[in-house]
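Asker: Quick one, structure for this:
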Amino acid sequence: MVVAAGAAGAADARRLRAGGACAAESSFCVLADVAVALGFAGFAFLALASLVSGFRLACYFTVGAGIHIW
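Answerer: Numbering: from 1, shown residues only. Purely as a prediction, here's the structure:
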């Protein structure tokens, strides 16, 4: 759902650029691109954190609380 929202934001930023909104104020388009990029970076961070957390949880269930693999 987050990736779909990011793709919709990217399409909206592209539509604004094509509509001539960037001709009057170019910083608006830069801010839109930065916002979309930060959204994708936030999604990547959350995906990585979920993978690491899942790995740690799997290690806890398989090995036990006494031995730490990571």
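Asker: so what secondary structure elements neighbour the helix or strand of the chain with the lowest mean pLDDT?
Answerer: Lowest on mean pLDDT, DSSP states H and E among the helices and strands of the chain sits helix 21-24, with a mean of 70. Helix 21-24 is packed against helix 26-63, with contacts defined by 3 or more Cβ pairs under 8 Å, 6 or more residues apart in numbering; DSSP states H and E. In short, each C-beta sits where N, CA and C put it, glycine included.
Asker: other SSEs contacting the helix it packs on?
Answerer: For helix 26-63, the packing partners by 3+ Cβ pairs under 8 Å, 6+ apart come out as helix 2-18, helix 21-24.
Asker: got a list of contacts for the shortest one?
Answerer: Think helix 21-24. For helix 21-24, the surrounding residues in contact (Cβ atoms under 8 Å, 6 or more residues apart in numbering) are 16, 28-29.
Asker: Which one of those sits in the busiest neighbourhood?
Answerer: Compared across these, residue 29 has the highest neighbour count, 16 neighbours, by other Cβ atoms under 10 Å.
Asker: of the helices and strands packed on helix 26-63, which approaches residue 59 most closely?
Answerer: Proximity to residue 59, assessed across the helices and strands packed on helix 26-63 by Cβ to Cβ, is greatest for helix 2-18 (26.7 Å).
Asker: Give me the contact list for the closest one.
Answerer: If you take Cβ under 8 Å, 6+ apart as the criterion, helix 2-18 is touched by 22, 28-29, 32-33, 35-36, 39-40, 42-43, 46.
Asker: Where does the prediction get shaky in the chain?
Answerer: Within the chain, the stretches with pLDDT under 70 are 2, 21, 65-70.
Asker: count of neighbours near residue 22?
Answerer: Here the count is done by other Cβ under 10 Å, and residue 22 has 16 residues near it.
Asker: Equivalent analysis for residue 20, please.
Answerer: 8.
Asker: go on, residue 43?
Answerer: 15.
Asker: now residue 45: how far from residue 60?
Answerer: Distance of residue 45 to residue 60, computed by Cβ to Cβ, to the nearest Å: 22 Å.
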